[in-house]
Structures are given as structure tokens and as C-alpha cells.
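Student: the following block contains a protein sequence and its predicted model.
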Amino acid sequence: MSRTLYDKLVDAHKVCDLPDGDMLVYVDFHIMNEYTSPQAFSGLDQKGLSVWRPEAHLSVVDHVNATRQRDPHDAASKLLIDNLEANCKKHNIAFYGLGDRRQGIEHVVVPEQGLVAPGMLIACGDSHTTTYGAFGALGFGIGTSEVEHVLATQTLRYKRLKTMLVKIDGDIAPGVTAKDIIMKVVQVVGAGGANGYAVEFSGSAIRAQEMSGRMTICNMAVELGGRAALIGADQKALETIKGRAHSGTLDFGGLAWNSDAGAEYDTMFEIDAAEIAPLVSWGTSPDQSVPVDSLVPAETEGMTPKAREALNRALNYMDLRAGQAITDIEIDSAFIGSCTNSRIEDLRAAASILQGKKVAGSVNAIVVPGSTYTRLQAEAEGIDRVFIEAGFDWRPESGCSMCLAMNDDIALDGERIASSTNRNFEGRQGRGARTHLMNPEMVAAAAIHGRIADVREFLSEGAE
Amino acid sequence: MPKTVHGLAAALPLANVDTDVIMPKRFLITITREGLAEGTFADLRFHEDNTPRTDFVLNTHPWHEARILVVGDNFGCGSSREHAVWGLVQLGVQGIIGTSFAGIFYDNARKNGLALAMVSPEVRDRLMHAASHEDGVNYTIDIENRVIRMGEAKLPFEMDDATQTAHLEGRDDTLNSLEFADAIRKYESGLGERQRVRVIQ
Ligand code: SF4
């Protein structure tokens, strides 16, 4: 019988069925950070349990660390970082801490270190673990109690999800990136539209993407509620993990990890790639986005009272007027970073827009490379110079930083940010902060103009 | 572990209430599970100077004593932080009724005995409407029979078998799974050399 990639991955990792209807699945690799793991380790201690297979785990510091300097900016973040290091020492778990070249945002570090391969099952106490689906691996986020469970048993209790196929065929237009593709998908399926589903992406527009773009797409699949995101393995996926620290140590079957022809899905969406424009979020949910050359949405005739209330609440929080042109929105800050868009490819793309340009005087522009390794590579390519000369603050340390503002990079009340991140929730980047999600080239363009700008204008300039 | 959750219900009609809203990040800088009640919905409950916001339902009479929330679509979306569930429980919330919950939030709730009842939009709207009545109304979430009782009415909700069992038994999943250690070892013995991740320290 034809099976989907998702079903193959689940079947291959099933340890046993459990009497209550769940199953146990085997976790090939598990990643921890400093803020969702402490209570898992203390849970082990309280129950007198040990770690089942210490070598199958990795801990990185990324969420709370400062990026202006290496030392923790306050005692509370230092406590979290030191606590993780001590727990790893005690249990003999690999720890990539501050000052380690391998340190950085977990989902940037893992592929960089070659710790993903098609066919793996990867868990992490972080919702964006869906990123690894780009390689045909089953990655998903778990809570702290589940972190404890993986540490103690190397397995998770699991219930099979329903399957959704999102097929995107055609060519994307110049100026449109992987970020716009996934923001379009969130718009079409809706935030929460994929709750209970594993989402597989297919189609020529997905195949055409390099691995960096595919990771961006799978990363943000959680914003539509997908508990897992998948793209079938191909040669590109295998090439990308060659020459890395762990390359050659892992092989789960490579190209075998694809859906069979004729495999059936519980639900399906089709999107025409040619119709995707560079998108900008205007509201406080990632599905509230519009093309950059359009207007902030207004109430419409047939709108339900609920939808009207949601619209007005978002407009009110964002301090926007219905009908206002998106490109008239002035920004206070620009942020390039996060596990969605801080890989070397993202930095190169943003730098190509910034080359020879200056950030508008009023804009506070920050770039935080996704990992120390990425930063060093960018510096070797001279990309840091382009950012610095344009007026960006090039941060010397890597981490999540202003993506969620758990360190000292906190936006002020009312501050408006053009951001290459994944979530525009109320208060995400600081209490009262207003986030506009967009691709990293668009963040660079917005920084130059001091207001949200259509990156395509820059492209035609370059072509002249 | 109780087989029913009974208590005053509060209506929280917002859709897409995310975990950043349920538990703002400044409360996450902790290595324990305790002390999170004050962080729960903090930006909705309090002004910046820590005075209560009177426009938030849980700050109003009688709902400051609510045990059950009736919520908008896609509740608990966003990050994996279990702190959101710990905080809700510490605030006294024992059950949440909604149409859809984010996957990680759903699993986290189960691990902490917080009952999530999934209902149709029609049922949710009816319960939401009734919960908004100024006198307050009590609901009972009957986990064993998968129904919500409101007065004489019995409204069905969805909950998968394993989650129901976990609530009814109140067991510790980690210890329970270790009873299957032999099956785990057997699975591992079938792994090839290059299917065993060994992270370079
Ligand atoms: S960069 Fe942002 S989304 Fe990614 S792991 Fe860090 S906080 Fe989460």
C-alpha cells in the first residue's frame, strides 16, 4: 500500500503500542536549551532516574544569552546557563555553550553540525523543531515533561497525526522568497488550520528551493499549527549535510524518505507560486499578512462580528489605520535574526540589498547571526562589513535575541519593528512592541527607507 | 486525580491566544515550576505598574474564581513552554473548553492534569454565551463520559483515549513508560551503527 512520508517515519520509529492507544516512538536525537529543560532534569532527580542514552542529546545556549557581549547580562540568565551546563556535566551530555564556535540558535546549529539526516526522529523542547522536516526527518517540539520523558527513556508517547499536503507549483517571482511562501501558506491554511496535522510540502516551487529556504518553510509550519512539517529527501538534502562535523556518522536510508506515488492525505491545499507576492504581517497573528504593495485591511460587508472584533483588536494593538498603505508604515527598528532567517544565505541576501546603502537615521537596526559558526563564516566573506557600513549593529554573539526578547534585547512599548522572525504575537518582542514579519531582504529595505518598503524596487535598481 | 472538573466558567473569546500571552517571557527565567500564577495572562491582567486591569474577565466579579475557561479557536498556539500550563493550573484553572488547541499545549496540559475539552464551534458559542451571564454559571467537565454538563444539558466533547486514561489514572508517564524498557532495548538492538547518534562533546 502507498504510504506518506509521515507514516513511514512514524512506522519506522514505533517501539510498541501502549494499552491506552498511544504508542512509544524512538527518539534518535534530542536537543535541549536552557529555559525548557531545567525542570526536566530536576524531575529526573526527584524520581531517581538516569539518562537512558546520554550521547544522543545535545544542549545549546540560545534563548537567554546576551548578544552584545559574551557574559550573561544579568544574574537570572546566568543561573539558567550555568544550570544547563551543570546538568549536562552531571549526565555526560554534549553542551555547546557561550564561547564555543558551535553555539547558536538550536535549529541553526543542528544542520550546521550535520546532526540531521533524512529518516531521523528529532525532538526538542521548542516548537520550531519542525525545521528538520526540510531534510525528510520527523522533527517536533515537546514540553518540559516530555523532555524528562526522552531523557529517561529515549522515547516519547505519541499519537499519530492526520496528514495534510500543501502543494506549491510554479515559479516564484523575483523578490519573493521562501519566507513569503510559508507566510502565504499560513494565510491560506490559517493560524491553527493545521492543528492535529503533519504537513508535507511538495511541488516544483518547493523542490526549487535550496535547503536554507526549505528550512525556513518547515520552521514556520508550526505557525499554522502543524506539529510536524516534511519535505521529501532529495540529493540537495544529502549534499547539504556533507562536510559537517557529524557527516558520515549518520545514515537512516537517505533518498528512501519520500512519500509513495498515490499516497493519500487527509486534506490538501494547492497554491500557485506565481501568485505569491512579498508579504508583510500587519496584525498580531502570523496569518494576518498582505502583499507589501497593498493596504492595511478594512472591515468588509460579510464579516462576522467575531472577525470584525479580531481585526479591530489587532489594528488597535498595532496602531494602524484600515486602508493605510503598507509602505507608509514607519518603523523604529529593524531586526535580522532568528531560526527562521539568520542562516548564512539570509545574511548574504540582506547584505545584497544593503550594499552601498545607509540605514535611515531614525532606525535602530540589529543583525544577530544564527550561530557563532555562521557569524564567523559571514565575517570571512566580508558580510559583516556591509552591514556595519550600512549602519546595522552587527552582534558579536549569537542567539534568539529579539525574536522573543528573553535576553536584554527588548523592544520598548509601542516600538515598531521590521523583523525577519516568525511570530508577531502581542508582546512577543517586548511588552507593547509591534512586530511586522517579512523576509530578511525586506527588513533591509525597510531599514534603509525608515518605513516598510517594496524590495522589488531595489531589485530593478540593481538591474539598471 | 478527579474524574470531573466542576466550577465557575469564564468566557475568553479571543482567538489564537498564544503562549506568549498566557505566560510572558519575563516569567520564564526560572529553574523551578513554582511561582507562575502571577505570570499567567500577566499583560492582560495587570497594567505596567502592576495594578489590575478591570477590563479583563478574570479580574471581575464573579470570574476571579473561575475554574473553567471557555476560549476562542486555536488556544495555546506558539511556543512549547510548559510554563503556560503550569501557570494556568497554579492560577486555579482546571479545565478549558475550546474548538481547537495547539498540539504541544494539548500534550502539556495532559501531563499536568489540566483537562482540555474539544467541542464544535456551535457548542463552544453556546457555552461562551452562557458563561458571559453576569451571575456566572457552573459547568462540569465529566472526563469519564466525555460530556460537559450545564444544568440539565449534556454536551459531548472530544478527547482521545490515551489523554482520557492519563486524566483518569493520574499516572506519571515517565515511570509508566519505563515499564516498557525491554521493548525499547529490543528496538535499539535493531538499529544499525550509523543509526545511533553520538554527539561530539
Ligand atoms: S529564534 Fe525565536 S523562534 Fe527560533 S528558537 Fe529562538 S526564540 Fe524560538
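Tutor: Perfect, thanks for sending it.

Student: going by C-alpha atoms from here, please, whenever you check contacts or count neighbours.
Tutor: OK.

Student: any idea how far the spatially most central residue of chain A is from the ligand?
Tutor: In chain A, the residue lying closest to the centroid (C-alpha atoms, centre = their mean) is residue A:340, at 3.4 Å. Applying C-alpha to the nearest ligand atom, to the nearest Å, the value for residue A:340 to the ligand is 7 Å.

Student: same question for residue B:89.
Tutor: Residue B:89 sits 24 Å away from the ligand, going by C-alpha to the nearest ligand atom.

Student: I'd like the average pLDDT over whichever helix or strand residue B:86 is part of.
Tutor: In the assignment (DSSP states H and E), residue B:86 maps to helix B:83-91. Helix B:83-91 carries an average pLDDT of 98.

Student: residues contacting it, please?
Tutor: Residues outside helix B:83-91 that contact it (C-alpha atoms under 8 Å, 6 or more residues apart in numbering or on different chains) are B:19, B:22-23, B:28, B:33-40, B:94, B:105, B:108-109, B:112, B:114.

Student: just the CA trace of it, in PDB.
Tutor: Taking Å, rounded to 0.1, in the frame of the first residue of the first chain, the C-alpha atoms of helix B:83-91 are listed here in PDB:
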ATOM      1  CA  HIS B  83       5.200  27.200  31.900                       C
ATOM      2  CA  ALA B  84       1.900  28.300  30.300                       C
ATOM      3  CA  VAL B  85       0.200  25.200  31.600                       C
ATOM      4  CA  TRP B  86       1.900  25.300  35.000                       C
ATOM      5  CA  GLY B  87       0.800  28.900  35.400                       C
ATOM      6  CA  LEU B  88      -2.800  28.200  34.400                       C
ATOM      7  CA  VAL B  89      -3.000  25.400  36.900                       C
ATOM      8  CA  GLN B  90      -1.400  27.400  39.600                       C
ATOM      9  CA  LEU B  91      -4.000  30.200  39.000                       C
END
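
Student: and the contacts of helix B:83-91 near chain A, which?
Tutor: Among the contacts of helix B:83-91, the ones lying near chain A by C-alpha under 8 Å from any C-alpha of the partner chain are B:28, B:33, B:105, B:108.

Student: quick one: which of those is most hemmed in?
Tutor: residue B:105 (25 neighbours; other C-alpha atoms under 10 Å in any protein chain shown).

Student: what's the helix or strand for it?
Tutor: Using DSSP H and E, residue B:105 falls in helix B:103-111.

Student: with just CA atoms, put that helix into CSV.
Tutor: Only the C-alpha atoms of helix B:103-111 are listed here, as CSV (Å, rounded to 0.1, in the frame of the first residue of the first chain):
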residue,chain,number,x,y,z
GLY,B,103,-0.6,20.3,19.7
ILE,B,104,2.2,20.9,22.2
PHE,B,105,-0.1,22.8,24.5
TYR,B,106,-2.6,20.0,24.4
ASP,B,107,0.1,17.4,25.4
ASN,B,108,1.5,19.7,28.1
ALA,B,109,-2.0,20.1,29.6
ARG,B,110,-2.4,16.4,29.8
LYS,B,111,0.9,16.0,31.6
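
Student: okay, now residue A:45: neighbour count?
Tutor: By other C-alpha under 10 Å, the residues close to residue A:45 number 11.

Student: can I assume residue A:280 sits in a helix?
Tutor: No: assessed with DSSP: H, G, I helix; E, B strand; the rest coil, residue A:280 is strand; it does not lie in a helix.

Student: spit out the contact partners of it.
Tutor: Per C-alpha under 8 Å, 6+ apart, neighbours of residue A:280: A:289-292, A:326, A:436-438.

Student: of these, closest to residue A:57?
Tutor: Within the contacts of residue A:280, the smallest distance to residue A:57 is 32.1 Å, found for residue A:437 (C-alpha to C-alpha).

Student: and the gap between that closest one and residue A:298?
Tutor: Between residue A:437 and residue A:298 the distance is 19 Å, computed by C-alpha to C-alpha, to the nearest Å.

Student: in the stretch 51-200 of chain A, what residue lies closest to chain B?
Tutor: The minimum distance from the stretch 51-200 of chain A to chain B, using C-alpha to the nearest C-alpha, falls at residue A:94 (4.5 Å).

Student: one step back: anything in the next helix or strand after the helix holding residue B:86 near chain A?
Tutor: Where DSSP H and E defines the elements, the next helix or strand beyond helix B:83-91 is strand B:95-98. No: residues of strand B:95-98 are not located near chain A by C-alpha under 8 Å from any C-alpha, the shortest gap being 12.5 Å.

Student: just the buried ones from the contacts of residue A:280, in PyMOL syntax?
Tutor: In PyMOL, a selection of the buried entries from the contacts of residue A:280 looks like this (16 or more other C-alpha atoms under 10 Å in any protein chain shown):
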select buried, chain A and resi 289+290+291+292+326+436+437+438
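
Student: turn the contacts of residue A:280 into TSV, columns for distance to residue B:135 and pLDDT.
Tutor: As requested, those are exported to TSV (distance: C-alpha to C-alpha, whole Å; pLDDT from 0 to 100):
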residue	distance to residue B:135	pLDDT
A:289	40	98
A:290	42	98
A:291	46	98
A:292	47	98
A:326	45	98
A:436	41	98
A:437	42	98
A:438	46	98
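
Student: follow-up on the earlier one: how far off centre is the helix holding residue B:86?
Tutor: How far helix B:83-91 lies from its chain's middle: 8 Å, per C-alpha atoms, centre = their mean, to the nearest Å.

Student: partners of residue A:30 in the sheet?
Tutor: When assigned by DSSP bridges, residue A:30 has beta-bridge partners residue A:57, residue A:123.

Student: hang on, isn't it packed against residue A:56?
Tutor: Yes: using C-alpha atoms under 8 Å, residue A:30 is in contact with residue A:56, at 6.4 Å.

Student: toward the C-terminus, what is the element adjacent to the helix or strand that residue A:82 is a member of?
Tutor: For residue A:82, the element it lies in under DSSP H and E is helix A:75-91. Using DSSP H and E, the helix or strand that follows helix A:75-91 in sequence is strand A:94-96.

Student: re earlier: buried sites along the helix holding residue A:82?
Tutor: Buried residues in helix A:75-91, counted by 16+ other C-alpha under 10 Å: A:77-81, A:83-85, A:87-88, A:91.

Student: same deal with stretch B:82-101?
Tutor: By 16+ other C-alpha under 10 Å, the buried positions in stretch B:82-101 come out as B:82-91, B:93-101.

Student: ends of that stretch, what's the gap?
Tutor: Taking C-alpha to C-alpha, stretch B:82-101 runs 14 Å from one end to the other.

Student: can the longest helix belonging to chain B be said to contact chain A?
Tutor: Looking across chain B with DSSP state H, the single longest helix is helix B:121-131. No: Helix B:121-131 lies out of reach of chain A by C-alpha under 8 Å from any C-alpha, never closer than 11.0 Å.

Student: follow-up on the earlier one: could you dump the ones next to chain A among the contacts of helix B:83-91 to TSV with pLDDT and distance to the ligand?
Tutor: Shown next, in TSV, are the ones next to chain A among the contacts of helix B:83-91 (pLDDT from 0 to 100; distance: C-alpha to the nearest ligand atom, whole Å):
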residue	pLDDT	distance to the ligand
B:28	94	12
B:33	95	20
B:105	98	15
B:108	98	18
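
Student: so which of the residues you listed is the closest to chain A?
Tutor: Lowest distance from chain A to the ones next to chain A among the contacts of helix B:83-91 (C-alpha to the nearest C-alpha) belongs to residue B:108, with 5.8 Å.

Student: what's the neighbour count on the closest residue to the residue of the stretch 51-200 of chain A closest to chain B other than its chain neighbours?
Tutor: Spatial nearest neighbour of residue A:94, chain neighbours left out: residue B:201 (4.5 Å); criterion: C-alpha to C-alpha, 6 or more residues apart in numbering or on different chains. Residue B:201 has 10 neighbours, counted by other C-alpha under 10 Å.

Student: where do the helices sit along the stretch 151-300 of chain A?
Tutor: A:178-189, A:204-207, A:211-219, A:235-240 (DSSP state H, counting those that start in this stretch).

Student: for the last one, buried residues please.
Tutor: Of all the residues in helix A:235-240, those buried under the rule 16+ other C-alpha under 10 Å are A:237-238, A:240.
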